[in-house]
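S.K.: Need the 3D shape of this:
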Amino acid sequence: MARILITSALPYINGIKHLGNLAGSMLPADVYARFQRLRGHDVLYICATDEHGTPAELAAQKAGISVREYCDEQHEVQRKAGEGFTLSYDHFGRSSNPQNAALTQHFAHVLEERGLIEERVTKQVYAIEDGRFLPDRYVEGTCPHCGFEKARGDQCDNCGRLLDPVELINPYSAETGSTAIELRETAHLYLLQSKMQDEIRSWVESSDEWPQLAKSIALKWLDEGLQDRAITRDLSWGIPVAYNGKVREGFENKVFYVWFDAPVEYIGATQEWAEKIGKDDAWESWWRTDKGADDVTYVQFMGKDNVAFHTVSFPVTMIGSQEPWKLVDRLKAFNWVTWYGGKFSTSMNRGVFMDQALDLLPADYWRWYLMANAPEGSDAAFTWEGFQAAVNSDLANVLGNFVNRITKYCASKFDGVVPEGGEPGEAEAWMADELKTRMAALIEHYEAMDFRKAAAETRAIWAAGNEYLTKAEPWVKYKSDVDAAAVGVRVGLNLATLFGIIAQPFIPGASAKILDALNIPEENRNFPDGVDAEALMSALPVGMQISPPEVLFSKIEDAQIAEWTEKFGGE
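M.R.: Model (predicted):
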């Protein structure tokens, strides 16, 4: 039994997340966690809301409540949305909790002792009308590298370069549009990433289980040369710049930068989990290699915009501390899910959001489509027509129709019990060969975290089941040879069971309905260990009672697509 630690990039606290966020981190992490649990492994899946930074302050101000109240409300909203999509977090924490504060302050203290943090006085953008320094992403202007006119102060979305706000050409406040800004001196703590250049490159180059997308982004940063980065900001909401409970002199009105503390929350949330289960030290065996974490496989999931922080900045913190922290082993990065020519966007309210999606259809519909079209090799376009086609073809016609046909026929002709009699023939031999090949490929795709391929192979197995029924023809054979028909029904019911089992990572709700209808005990729902096709086709005991499930999937009608297109856009 392997021990597998899984984290997905933390969703930011400002509002419900859109389907692009879901598809790029939280959902694939959940699918992988479910698969590995079904293989019998010890899995810990950790996520949390990322609650610090200016956007939270501004949103709270707009709502007329304190930042803490705002974050309390939004954390609950996001928790419920995750629950609605059946995301199987072992713990969904909060970066504003005390565990993260203590860890963040600890890392800063240790890094300064190691000579990797120093205080510098620099010039930063000050909004004269607002009377405050502007956070990096609230300064916009023209990118000095590619000329993109809406580059943010921390990063250009066009060329991907990390930026400093003072580099922008013709800068202005993204919040007000005002150009009444100037550079003023302020003191901040800088993480000396440049000192870790060679060590980080060596670590990245030795990481042989990262997809090309992740590795290429990390190496691009390293090729450009790691820059020292400020890890504090002139804000009131965040983790105080303090060591051992004492605020650093001159930093009374400053906090740690959200991108310094947010990744630390992976550990902080694990501490929260340990305290929740009443085993305060249990987190150490997942994160400290001197406490047992050396046998853990750590897997991270994120969108491509988060890769650089996880492959460079956070490792600088972890490795630079010279403490025995568990580093990531496998990193799965995703491209964008696009919405009719542009990105899904929370700030611009572009696309469908998690709560809206659940108001339209059950979670499984969305889960299947987003993973069957996961943005792995390139960006993946969301279209209403593509969504309709995937649901109607894959879920309703291929899986739903198979389960419906075989269970209803068993109920009508064999009193709803697994029938005995007959001997396997050519159709069964063909199906066994299909399973031997396809089940091995399916497991391989899951292990490689190739989710599009895993979904395609899952569908192909369902489709093979439909072809088997066409070959076996139990409804035709029943007229002249009940025993021959019994073989087809018995194998069909076993295939329905298998189809429900292998669908669990993608569509857990529908899978549970299938397996409940077939009276499969919880302990018998694990993913097959190995590929014994004949055993998979004869696992159900003869005489076991089954019942047809309710309709698993309703087809999406053209009228619904027209209605949703009008409501959400997408033409």
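S.K.: just so I have it, where are all the helices in the stretch 251-400 of the chain?
M.R.: Per DSSP state H, counting those that start in this stretch, the stretch 251-400 of the chain carries helices over the ranges 258-261, 265-276, 284-287, 307-308, 314-320, 354-360, 363-372, 384-390.
S.K.: gap between the two ends of stretch 353-367?
M.R.: 13 Å (CA to CA, to the nearest Å).
S.K.: in that stretch, what counts as buried?
M.R.: Within stretch 353-367, the residues scored as buried using 16 or more other CB atoms under 10 Å are 353-354, 357-358, 361-367. (Glycine included, C-beta is placed from N, CA and C.)
S.K.: Between all of the residues you listed, which two are separated the most?
M.R.: 353 and 364 (17.8 Å; CB to CB).
S.K.: on that earlier part again, most packed of the helices of the stretch 251-400 of the chain?
M.R.: Stretch with highest mean neighbour count among those: helix 258-261 (a mean of 25; mean count of other CB atoms under 10 Å).
S.K.: just checking, what packs against that one?
M.R.: helix 98-113 (3 or more CB pairs under 8 Å, 6 or more residues apart in numbering; DSSP states H and E).
S.K.: helices or strands up against whichever helix or strand comes after the helix it packs on?
M.R.: For helix 98-113, the following helix or strand on the C-terminal side (DSSP states H and E) is strand 117-127. For strand 117-127, the packing partners by 3+ CB pairs under 8 Å, 6+ apart come out as helix 98-113, strand 132-133, strand 181-191.
S.K.: For residue 235, which of those is the nearest?
M.R.: strand 132-133 (8.4 Å).
S.K.: Direction included, what does the closest one pair up with?
M.R.: Paired strands of strand 132-133, with direction, are strand 117-127 (antiparallel) (DSSP bridges).
S.K.: right, and the helices of the stretch 251-400 of the chain - which one's nearest residue 30?
M.R.: When the helices of the stretch 251-400 of the chain are compared (using CB to CB), the closest one is helix 363-372, at 8.5 Å.
S.K.: same question for that closest one, mean pLDDT?
M.R.: Mean per-residue pLDDT for helix 363-372: 98.
S.K.: Just the residues contacting that helix, thanks.
M.R.: With contacts defined as CB atoms under 8 Å, 6 or more residues apart in numbering, helix 363-372 is touched by 19, 22-23, 27-28, 31, 84-86, 337, 357-358, 386-387, 390-391, 394-395, 451-452, 454-456, 459, 506-510, 553, 556.
S.K.: If we use 7 Å, what do you get?
M.R.: 19, 22-23, 27-28, 31, 84-86, 357, 387, 390-391, 394-395, 451-452, 455, 506-507, 509-510 (CB atoms under 7 Å, 6 or more residues apart in numbering).
S.K.: Make a PyMOL selection of the buried ones in the residues you listed.
M.R.: Here is the PyMOL command that selects only those of these that count as buried (16+ other CB under 10 Å):
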select buried, resi 19+22+23+27+28+31+85+86+357+387+390+391+394+395+451+452+455+506+507+510
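S.K.: that older thread, determine which stretch of the helices and strands packed on strand 117-127 is the most buried.
M.R.: helix 98-113 (a mean of 20).
S.K.: list the helices and strands that helix packs on?
M.R.: strand 242-243, helix 258-261, helix 265-276, helix 314-320 (3 or more CB pairs under 7 Å, 6 or more residues apart in numbering; DSSP states H and E).
S.K.: Following the chain past the first one, name the next helix or strand.
M.R.: What it means is strand 242-243. strand 246-247.
S.K.: what lines up beside that next one in the sheet?
M.R.: strand 242-243 (antiparallel).
S.K.: What lies in contact with the strand it pairs with?
M.R.: By CB under 7 Å, 6+ apart, strand 242-243 touches 105, 109, 248.
S.K.: Please tell me how far the closest residue to the last one other than its chain neighbours sits from residue 3.
M.R.: Distances taken as CB to CB, 6 or more residues apart in numbering place residue 241 nearest to residue 248, at 4.8 Å, with adjacent residues excluded. Residue 241 sits 35 Å away from residue 3, going by CB to CB, to the nearest Å.
S.K.: Contacts made by the lowest-mean-pLDDT helix or strand in the chain with the rest, please.
M.R.: Ranked by mean pLDDT, DSSP states H and E, the weakest helix or strand in the chain is strand 342-343, scoring a mean of 80. With CB under 7 Å, 6+ apart as the test, strand 342-343 has contacts from 20, 336, 350.
S.K.: would you turn those residues into JSON lines with pLDDT?
M.R.: Listed next are the contacts of strand 342-343 as JSON lines, based on pLDDT from 0 to 100:
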{"residue": "20", "pLDDT": "93"}
{"residue": "336", "pLDDT": "93"}
{"residue": "350", "pLDDT": "78"}
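S.K.: Closest one to residue 277 out of these, please.
M.R.: residue 20 (32.7 Å).
S.K.: Confirm for me that that closest one is in contact with residue 345.
M.R.: No. Contact criterion CB atoms under 7 Å: residue 20 and residue 345 do not qualify, at 8.3 Å.
S.K.: Which one of these two is surrounded by more residues?
M.R.: residue 20 (27 against 12; other CB atoms under 10 Å).
S.K.: is it true that that one lies in a helix?
M.R.: Yes. Counting by DSSP: H, G, I helix; E, B strand; the rest coil, residue 20 falls inside a helix.
S.K.: which non-adjacent residue is nearest it?
M.R.: Residue 20 sits nearest to residue 344 (CB to CB, 6+ apart), 3.3 Å away.
S.K.: Please report how far that neighbour lies from residue 22.
M.R.: 9 Å.
S.K.: Over to residue 439?
M.R.: 28 Å.
S.K.: can you check residue 66 too?
M.R.: 29 Å.
S.K.: what does residue 366 give?
M.R.: 8 Å.
S.K.: which regions of the stretch 301-450 of the chain sit below the pLDDT cut-off?
M.R.: For the stretch 301-450 of the chain, applying pLDDT under 70 flags the ranges 347.
S.K.: Residue 241 and residue 3: which is more packed in?
M.R.: Applying other CB under 10 Å to residue 241 and residue 3 shows that residue 241 carries more neighbours, namely 23 against 16.
S.K.: Enumerate every residue touching the more buried one.
M.R.: 189, 232, 247-248, 251, 254-256.
S.K.: and what of residue 446?
M.R.: 35, 454.
S.K.: what about stretch 441-451, distance to the chain center?
M.R.: Relative to the centre of its chain, stretch 441-451 is centred 16 Å away, using CA atoms, centre = their mean, to the nearest Å.
S.K.: Pull out the buried positions in it.
M.R.: 441-443, 445-446, 449-451.
S.K.: Can you list the buried residues in stretch 401-420?
M.R.: 401-407, 409-410, 413-414, 417-419.
S.K.: what's the residue of the chain most remote from its centre sitting at in phi/psi?
M.R.: Using CA atoms, centre = their mean, the residue of the chain lying farthest from its centre is residue 480. It sits 52.7 Å away. Note on residue 480: backbone dihedrals following degrees, to the nearest 10 are phi -120, psi -20.
S.K.: Could you number the chain from 789 rather than 1 from now on?
M.R.: Sounds good: first residue 789 from here, last item residue 1268.
S.K.: State the distance from it to residue 1262.
M.R.: Residue 1268 is 12 Å from residue 1262, by CB to CB.
S.K.: Also residue 822?
M.R.: For residue 822, the distance to residue 1262 - CB to CB - is 32 Å.
S.K.: And the two? Which one has more around it.
M.R.: Neighbours of residue 822 and residue 1262, each counted by other CB under 10 Å, are more numerous for residue 1262; the result is 27 against 22.
S.K.: Kind regards, and thank you for your time.
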